[in-house]
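>>> Could you work out the structure for the sequence below:
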Amino acid sequence: MCEILRNELKKTLKNKKISILANESTSLKNEMELSIMFRFVEDKVPVEKFLAIVKTPNGTAETIADAIDKELTSLDLNYSNVTAFGFDGAANMAGNVGGVRRKLSEKAKRDILYIHCKAHILSLAAASCRNKTKKVNRFFYVLKDIYKIFSKSPNRENILHEIQAVINDPILKIPECIEVRWLSHYKIVNAVFRSLKSIMMACEHIHKDGIDLASLAGGILLEIRKTSFFITCYVMNELLSALSYLSNTLQKRNLNLANVIPLITTTKLHLNDIANHSEILDKFGSEMHLTADEDTKTTLKQMKEYCESLIR
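The predicted structure follows:
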């Protein structure tokens, strides 16, 4: 079956101008793998075709370049038809001296265009800004604890869902916080923000009953009752909503390039509005029964700085 599919792919790609997409990762068995895809135009529509997942002994540029070259050769593809490379921004992939892009360009005996995915750059920028903000870092540690306490037990998750139903909160699961897909954090931030009251009540129940992870529930409760946590949650929900929309739009197949700059400008204006929104507690504080803490002013200041760093 694999051979049939490869032969079909070989016929499809014959004499077509292609770009090569590749990404390295580590499998659940802790083995290094390289995913390879091709992108080309057919009937004026961009098409992506998956080629292979190749196991590699290491992540050096030479090893990865040789693996890609071997796959190209197996399909009788000529470098003269390769128009571009699409990799992440890691030095071993994107380096213009010793990276994969350079080694493949040398094999082609010409410089081949390298494109770093703009959505990936956006994700890296957001993650980098986060690492400079202590409040945001602490916030995501708490989110991971919230995921842990409800995802590891159907009983505890059921407690949360029952409370959500009683107080008319949306019946939401708490999704996982995946570090390498930073903008996907919007899902867990949004779920926690929309169900914060239910999560508080569920943690109170788990803590008082002394069941498994009762101490963790108590720790979560201390954190999420603080005004500083709520401010961070509100800002991150608004901010990640805007960035996720921008990221998803940048990856759309039918994206009109003329709309990119206006879209980025609009996103920056929205982030500026979020940064200057100082009446968060007046809007939500009374219904959340939050515990005032001395970090409130610091948190508002850091959230403003975080938004501004993204705008820059």
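>>> host element of the residue lying closest to Ile171 once chain neighbours are set aside?
In space, and not counting its chain neighbours, Ile171 is closest to Gln164: 5.1 Å by C-beta to C-beta, 6 or more residues apart in numbering. C-beta here means a position set from N, CA and C on the backbone, and glycine is covered the same way. Per DSSP states H and E: Gln164 is located in helix 154-166.
>>> thinking Glu62 is in contact with Lys103, fair?
Yes. Using C-beta atoms under 8 Å, Glu62 makes contact with Lys103 at a distance of 6.4 Å.
>>> top helix in the chain by residue count?
helix 227-250 (DSSP state H).
>>> Name the next helix or strand following it along the chain.
helix 260-275.
>>> Check which helices and strands that next one sits against.
helix 227-250, helix 296-311 (3 or more C-beta pairs under 8 Å, 6 or more residues apart in numbering; DSSP states H and E).
>>> remind me which residues of the stretch 101-250 of the chain are low pLDDT?
Applying pLDDT under 70 to the stretch 101-250 of the chain flags residues 119, 178-183.
>>> do that again at 90, thanks
107-108, 112, 114-141, 151-156, 164, 167-188, 193-197, 208-214, 217, 222-250 (pLDDT under 90).
>>> What segments of it are helices?
118-131, 134-151, 154-166, 185-194, 196-209, 214-224, 227-250 (DSSP state H, counting those that start in this stretch).
>>> The residue nearest to Ile171 contacts Ser195, correct?
Yes. Taking contacts as C-beta under 8 Å, Gln164 lies within contact range of Ser195: 6.0 Å.
>>> Please identify which of these two sits among more neighbours.
More neighbours surround Ser195 than the other of Gln164 and Ser195, with 24 against 20 (other C-beta atoms under 10 Å).
>>> OK, contacts around the more buried one?
Leu160, Gln164, Asp169, Pro170, Leu172 (C-beta atoms under 8 Å, 6 or more residues apart in numbering).
>>> The fourth one: neighbour count?
Looking back up the chat, that one is Pro170. For Pro170, using other C-beta under 10 Å, the count is 11.
>>> and the closest residue to it other than its chain neighbours, how many neighbours?
Nearest residue to Pro170 in three dimensions, chain neighbours excluded: Arg194, at 5.5 Å (C-beta to C-beta, 6+ apart). Arg194 is flanked by 15 other residues according to other C-beta under 10 Å.
>>> sorry, back to before: and of the helices and strands packed on helix 260-275, who's closest to Ala90?
Proximity to Ala90, assessed across the helices and strands packed on helix 260-275 by C-beta to C-beta, is greatest for helix 227-250 (19.1 Å).
>>> elements contacting that closest one?
helix 118-131, helix 134-151, helix 185-194, helix 260-275, helix 280-288, helix 296-311.
>>> Out of these, which one sits most buried?
helix 185-194 (a mean of 21; mean count of other C-beta atoms under 10 Å).
>>> How far off centre is that helix?
13 Å (C-alpha atoms, centre = their mean, to the nearest Å).
>>> Which elements pack onto it?
Checked by 3+ C-beta pairs under 8 Å, 6+ apart, helix 185-194 has helix 134-151, helix 227-250 packed alongside it.
>>> any idea of the angle it forms with helix 118-131?
Inter-element angle recorded for helix 185-194 and helix 118-131: 50 degrees (by axes from the mean of the first three to the mean of the last three C-alpha atoms, to 10 degrees).
>>> List the contacts of helix 185-194.
Against helix 185-194 from outside (C-beta under 8 Å, 6+ apart): 140, 143, 146-147, 169-170, 172-178, 199, 233-234, 236-237, 240-241, 243-244.
>>> same question, stretch 259-272
Contact partners of stretch 259-272, identified using C-beta under 8 Å, 6+ apart, comprise Leu239, Ala242, Leu243, Tyr245, Leu246, Thr249, Leu250, Cys307, Glu308, Leu310, Ile311.
>>> Which members of these are the farthest-apart pair?
Thr249 and Glu308, at 22.6 Å, using C-beta to C-beta across the contacts of stretch 259-272.
>>> For stretch 34-52, give the mean pLDDT please.
Across stretch 34-52, pLDDT averages out at 86.
>>> tell me which residues of that stretch are tucked away?
Leu34, Ile36, Met37, Phe38, Arg39, Phe40, Lys49, Leu51, Ala52 (16 or more other C-beta atoms under 10 Å).
>>> can you list contacts of that stretch?
By C-beta under 8 Å, 6+ apart, stretch 34-52 touches 9, 12-13, 16-25, 53-56, 64, 67-68, 71, 75, 86, 253.
>>> Using ChimeraX, define a selection of the buried residues within these.
A single ChimeraX command selects the buried members of these (16+ other C-beta under 10 Å):
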select :9,13,18,19,20,21,22,23,24,54,64,67,68,71,75,86
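>>> What about the contacts of stretch 34-52, which are in strands?
Judged by DSSP state E, the contacts of stretch 34-52 include Ile18, Ser19, Ile20, Leu21, Ala22, Asn23, Glu24, Ser25, Ile53, Val54, Lys55, Gly86 as members of strands.
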